[in-house]
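Undergrad: Below are the sequence and a predicted model for it; my questions follow.
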2 protein chains.
Amino acid sequence: MAAASSSLLILHPRLTLFATTLRPLSLFTHHFSSTTPHHPNATGRSISLSSPPSDFAQKIDVNPPKGTRDFPPEDMRLRNWLFHNFREVSELFGFEEVDYPVLETESLYIRKAGEEIRDQLYCFEDKGNRRVALRPELTPSLARLVIQKGKSVPLPIKWFAIGQCWRYERMTRGRRREHYQWNMDIIGVPDVTGEAELISSIVTFFKRIGITAKDVGFKISSRKVLQEVLSLYSVPEASFAKACIIIDKMGKIPMEEIKKELKLVDLSNEAIEDLLQVLSMKSLTELEEKLGDAGEAVRELKQLFSLAEKFGYSEWIQFDASVVRGLAYYTGIVFEGFDREGKLRAICGGGRYDRLLSTFGGDDIPACGFGFGDAVIIELLKERQLIPEVPLEVENIVCSLDPDLQGAAATVATLLREKGQCVDLVLENKPLKWVFKRAARINARRLILVGKSEWERGMVSVKILSTGEQNQINLDDLQ
Amino acid sequence: MAAASSSLLILHPRLTLFATTLRPLSLFTHHFSSTTPHHPNATGRSISLSSPPSDFAQKIDVNPPKGTRDFPPEDMRLRNWLFHNFREVSELFGFEEVDYPVLETESLYIRKAGEEIRDQLYCFEDKGNRRVALRPELTPSLARLVIQKGKSVPLPIKWFAIGQCWRYERMTRGRRREHYQWNMDIIGVPDVTGEAELISSIVTFFKRIGITAKDVGFKISSRKVLQEVLSLYSVPEASFAKACIIIDKMGKIPMEEIKKELKLVDLSNEAIEDLLQVLSMKSLTELEEKLGDAGEAVRELKQLFSLAEKFGYSEWIQFDASVVRGLAYYTGIVFEGFDREGKLRAICGGGRYDRLLSTFGGDDIPACGFGFGDAVIIELLKERQLIPEVPLEVENIVCSLDPDLQGAAATVATLLREKGQCVDLVLENKPLKWVFKRAARINARRLILVGKSEWERGMVSVKILSTGEQNQINLDDLQ
């Protein structure tokens, strides 16, 4: 893994879920082989077309733009399966779905803490000379909408979203410029019951897709740990978010570099050494010895671990003071989901951000949330061989045995569809061999043949493809 | 309606589905009133927050960027309802879902026929100096992907997509810059059975959502009608697509302007007069008298009307030679769905585009498809008072009656969720009055109260909210 470590460790803020470097560019590689690999055109009628209209332009690159993906059917089925699970879990927890524009005003993302997300903003000037950006994350849009809605929405707000997010960076090596992110946020709950509920929903999601506490864990800490250490050294409040962003780079850039940057935001050598010592702690007892039991950091962390027991996911979580997350706006508990084998980047991440709204000119409301991307989880499912089979399945295939009966086949297809049956209607006059091939490819259960003599008697042939059983059935009895 | 006619008539190509001018900017206005209009914060615990970190920046505009939408929960439910119907109908017809990047290379959309879609391209230069565009339509991406996949995908391809599309234009008056478009495309079927199947799917969609043939119809023609007229006058082939785009503006700009533009693309006065006469035809018999029965235009149109009978949607369709559609790439049958009251712009539109692939450097494959936007259909449903009720519904609300039992409530919520029950867990210590209000807002069926004395006996109180019936139930018996 050494060769990949540099980009493996570059984090995308809130969560770190853009594609890794060791795999092909497409996240959703093809798990579904086609049963008819040959182009059936050869068996169909010949197609004569005149030359293209001279009106049209140049040859194009048939690949999607660098860093973006197409979703052909097999990839789309996997994406739908993933999103379906995101949605079902969110609804199990009583969250309501929302969405925001993929294109936002750039200023929504301008924060001064030196976040990677800011450096990698996919921004540009529109034709009206406005600075806009393809959203790099969903939380600022959420905050904007919450302020806009004001008192018309009763608290607590429990919203989820599944949205495409973008970043722009010049590096190559298969890193993508877009990904989808599942977010759940609770607005209006000051207690760590909020964070506990959020982690419970992610655990529920993992369990549903076959991931266990042996595969995945959550590292949990609180920004208040850092705050309480820094307050011992009278570090100016303005340095806090910046210090967090610097600390989040630990393990990605050399420790000497980290120390240098911390000095630049007014931390003394003594403060830095003390901070680094605290950040290495993996035990709440040890932390309590250092900070005492009067502070909020220890109290809230203890409360969260106690709630985790009641929710039933204690085995999934562990205290790790080194977790700070890469976004400036977190103020309290922070957490990230990690692969226990240590091969992958963070699977998801989140935390409390009680003061984001006031930075946008609104009144602060306590808030917490998480982001969960579509990239690392698919990597993990592949590693564990848990990628589900999601084949195409069209219940019926309807075909006329005579060109003159194309209309009759249409009538049969319509009749079945009106009864809620999915039908692939063969739209051309094709040999039966071709039809069987297609039936196999779409995993049809029944083949319905419209032949002349049966049709004249108001009947069709229905063949159950798994057994080969074939019957003539009256149109009126067709279900 | 006079005041709005200018922008009402400006068409967006493929289909004309961006918002009209007479309504508020948001397409999905709120049909779902909140039952708890008061901000419940007042009844909850007080929230103390320190001042915002000085790290953060300026006040922001809380509205989404001009021409874009947020989807708060009530709008998202309506969007999900609409998309769900798009999806179900597509699957009923055996189509597979696909998607493409929302950001594409600009050159994908550069056609020289003078289309409005080209003038309104939401394009810009990225940081790597590449010309990119937010997709204005989905068909060019489809063509790109079909060429890329080549012979690995057996024909016919039947794909659908629901994707956001963008345009940039400077006008205001409530027109939007983004909309969602449902596309269904058939690649590899040369016969009009393809078009007949597509129209059948749209009719099926209309029926599902309560729209009848009394509300909506389809105007159907063929680009071959124009081609056959123009061929009588030796009009150069290069003028064909341009002439179609000009003709598509009929009714939107003065007829004199149309004639002037047609002259500019090498049409004689005689050709123009003849063309305009043909374009006024509303009867296939009349067209046949003009063009004879040997040409493809008449033959294919007659075949389509005959198939429509077999599919069972004859009452929905009518021949109208004035329909040409606003995209350069159509080559045969073109159609558009229209509101019979004539108040709204086209609801959907599509047609055959047999020569698009070669313009991108691929081998041509016969193809047809349609686009159906999320704007005009919602307008129509409002007009007909057919907007569905899609309220938030969370089956259970779980609440502890004592701050010390917050963990117990979490245990109860987890237990229910593991059984597939949706649960809104009250995350703070709230008065019962507040809890009942919230239960009403989320349309909960059951209120589950975790009180001290019951909990000690392993029980909870379950109240059926519709009847007021309340029982103590053992945790093990809770379903």
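TA: Now that the structure is in, tell me what you want to look at.
Undergrad: Find the nearest non-adjacent residue to A:E195, please.
TA: A:I333 (4.6 Å; Cβ to Cβ, 6 or more residues apart in numbering or on different chains). (Each C-beta comes from the backbone N, C-alpha and C, glycine too.)
Undergrad: List the beta-bridge partners for the one you found.
TA: Using DSSP bridges, the bridge partners assigned to A:I333 are A:S222.
Undergrad: right, and it touches A:Y353 too?
TA: No: at 10.2 Å, A:I333 and A:Y353 do not qualify as touching, with contact defined as Cβ atoms under 8 Å.
Undergrad: what kind of secondary structure is the nearest residue to A:V62 once chain neighbours are set aside in?
TA: Spatial nearest neighbour of A:V62, chain neighbours left out: B:Q148 (3.9 Å); criterion: Cβ to Cβ, 6+ apart. Three-state call for B:Q148 (DSSP: H, G, I helix; E, B strand; the rest coil): helix.
Undergrad: what number of residues lie near B:Q148?
TA: 17 (other Cβ atoms under 10 Å in any protein chain shown).
Undergrad: ranges for the helices of the stretch 201-350 of chain A?
TA: Assigned by DSSP state H, counting those that start in this stretch, the stretch 201-350 of chain A shows helices spanning A:223-231, A:239-247, A:255-264, A:269-279, A:284-291, A:296-311.
Undergrad: circling back: got the contact list for the residue nearest to A:V62?
TA: Shown in contact with B:Q148 (Cβ atoms under 8 Å, 6 or more residues apart in numbering or on different chains): A:62-63, A:70.
Undergrad: The stretch 251-400 of chain A against chain B: which residues are in contact?
TA: By Cβ under 8 Å from any Cβ of the partner chain, the part of the stretch 251-400 of chain A that sits against chain B consists of A:306-307, A:309-312, A:328-329, A:354-355, A:358-362, A:364-366, A:392, A:394, A:397.
Undergrad: what do you get if the cut-off is 10 Å, keeping everything else the same?
TA: Residues of the stretch 251-400 of chain A that fall close to chain B, judged by Cβ under 10 Å from any Cβ of the partner chain: A:303, A:306-313, A:328-329, A:331, A:354-366, A:392-398, A:400.
Undergrad: And the buried ones among those, selectable in PyMOL?
TA: If you want just the buried ones from these in PyMOL, going by 16 or more other Cβ atoms under 10 Å in any protein chain shown, the selection is:
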select buried, chain A and resi 303+307+308+310+311+313+328+329+331+354+355+356+357+358+359+360+362+364+365+366+392+394+395+396+397+398+400
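Undergrad: Tell me which of the residues of the stretch 251-400 of chain A next to chain B fall in strands.
TA: Judged by DSSP state E, the subset of these located in strands is A:396-398, A:400.
Undergrad: who are the neighbours in contact with the residue in the stretch 201-350 of chain A that chain B sits nearest to?
TA: Closest residue of the stretch 201-350 of chain A to chain B, Cβ to the nearest Cβ: A:K310 (3.4 Å). A:K310 makes contact with A:196, A:200, B:405-414, according to Cβ atoms under 10 Å, 6 or more residues apart in numbering or on different chains.
Undergrad: change it to 6 Å
TA: Counting by Cβ atoms under 6 Å, 6 or more residues apart in numbering or on different chains, A:K310 makes contact with B:407, B:410-411.
Undergrad: Take the residues you listed and keep only those in helices.
TA: Among those, DSSP state H puts B:407, B:410-411 in helices.
Undergrad: How about stretch A:219-232, which residues are buried there?
TA: Neighbour-count burial for stretch A:219-232, counted by 16+ other Cβ under 10 Å, picks out A:219-230.
Undergrad: Same check on stretch A:229-249?
TA: The neighbour-count check on stretch A:229-249 (16+ other Cβ under 10 Å) flags A:229-230, A:235, A:239-249 as buried.
Undergrad: which of those residues come close to chain B?
TA: Near chain B, judged by Cβ under 6 Å from any Cβ of the partner chain, the entries from the buried residues of stretch A:229-249 are A:A241.
Undergrad: Turn the buried residues of stretch A:229-249 into CSV, columns for pLDDT and distance to B:L344.
TA: Compiled in CSV, the buried residues of stretch A:229-249 are given as follows (pLDDT from 0 to 100; distance: Cβ to Cβ, whole Å):
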residue, pLDDT, distance to B:L344
A:V229, 92, 63
A:L230, 90, 61
A:V235, 87, 62
A:S239, 88, 58
A:F240, 89, 54
A:A241, 88, 50
A:K242, 90, 54
A:A243, 91, 57
A:C244, 91, 52
A:I245, 91, 51
A:I246, 92, 56
A:I247, 92, 57
A:D248, 90, 52
A:K249, 90, 55
